[in-house]
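J.: with the input below, show me the fold.
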Amino acid sequence: MTPAKYKIQRVHDGDTLIVDVQLMGTLWLVGERLRIAGVQCPELHEPGGLDARLYVEEWKLSRHYTLDLKPIRDKYGRLLGDLCCADGSKLSTDLLANGHAVAYRELDEELPIHWQVV
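T.: Below you'll find the predicted structure:
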């Protein structure tokens with residue numbers, strides 16, 4: 001994964017954030033959907049969906065982290081990545097450990113992207 005400069009606009013649900021990502025210089029992707037790689041959270045209308053979103057909201061407010069992006073998108077065109085802390089913790093593993101997600105393997109659904117994050 002590649003560290004990226006970014007801004008989180010909002011949390012959509014437990015495994016999807018809306019972000020702005022700097023590509024290079026003053027070039028930004030704005031309002032991009034970011035899928036947290038490796039996990040599947042309940043949808044908002046499903047049991048646990050709102051709890052997962054609240055967990056992510058609280059997680060991002062209580063930590064210092066970086067955004068690590070994979071150089072691919074999923075089959076829906078979302079960026080794939082994870083929020084990672086200096087102590088080694090990650091949003092994906094914390095979602096799993098706290099029962100807000102199940103492991104999800106998206107390798108068969110990934111598409112290459114054609115830009116380099118700096």
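
J.: could you use CA atoms for every contact and neighbour count after this?
T.: Noted.

J.: which intervals of the protein have sub-threshold pLDDT?
T.: Within the chain, the segments meeting pLDDT under 70 span 1-4, 106-118.

J.: and the helices in it?
T.: Ranges of helices in the chain, per DSSP state H, are 49-61, 91-97.

J.: for Asp74, which of these is the nearest?
T.: helix 91-97 (16.2 Å; CA to CA).

J.: what lies in contact with the closest one?
T.: 36-39, 52, 55-56, 59, 82-84, 101-103 (CA atoms under 8 Å, 6 or more residues apart in numbering).

J.: what are the buried residues along it?
T.: Residues of helix 91-97 classed as buried by neighbour count (16 or more other CA atoms under 10 Å): 91-93, 95-96.

J.: now stretch 97-105
T.: 100-102.

J.: who touches the residue nearest the centre of the chain in this structure?
T.: With distances taken as CA atoms, centre = their mean, Ile36 lies nearest the centre of the chain, 3.2 Å away. Ile36 makes contact with 15-17, 80-83, 91-92, according to CA under 8 Å, 6+ apart.

J.: Asp74 and Gly38 touch, don't they?
T.: No - the criterion here is CA atoms under 8 Å, and Asp74 misses it with Gly38 at 11.4 Å.
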